[in-house]
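Participant: Provide a 3D model corresponding to the input given below.
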Amino acid sequence: MDRTSAPCCSARGELHRNRPFVWVYDDNITALREGPWKPVLGNADKTFVIPLLYQIEDDPVEANDCAGAHPEIVQRLVRLAKEVRAQIPRSGRSSIPCVTP
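Facilitator: The predicted model follows:
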């Protein structure tokens, strides 16, 4: 990990990131965190048609989806997720089944 991808703490212990924190499952970004916002784009089974959006500082347990109240933030973060996804190498998982000898 280089200094640009590592989070930095201020003298007051505040966490600052230069890039969003992303959750990736099977080559898909399922969520990301940028500032106080966390859009949840899908899970292990599917990509959500309408992403969920949480304001983590006010709702750390992710109980209140606020995507409907902030569609412009959802759109911006979905675009950001696509940009970030384009920069992450694919895992190279193969669809070839394993055979037991």
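
Participant: what sits closest to Arg85 if chain neighbours are left out?
Facilitator: What sits nearest to Arg85 in space, not counting adjacent residues and going by CB to CB, 6 or more residues apart in numbering, is Ile29, at 5.2 Å. C-beta here means a position set from N, CA and C on the backbone, and glycine is covered the same way.

Participant: report pLDDT for that neighbour.
Facilitator: For Ile29, the model assigns a pLDDT of 83.

Participant: and Val84, by the same measure?
Facilitator: 84.

Participant: what does Lys46 give?
Facilitator: For Lys46, pLDDT reads 82.

Participant: all helices of this structure, in order?
Facilitator: 71-87 (DSSP state H).

Participant: that older thread, what sits against the residue nearest to Arg85?
Facilitator: 22-23, 41, 81, 84-85, 88 (CB atoms under 8 Å, 6 or more residues apart in numbering).
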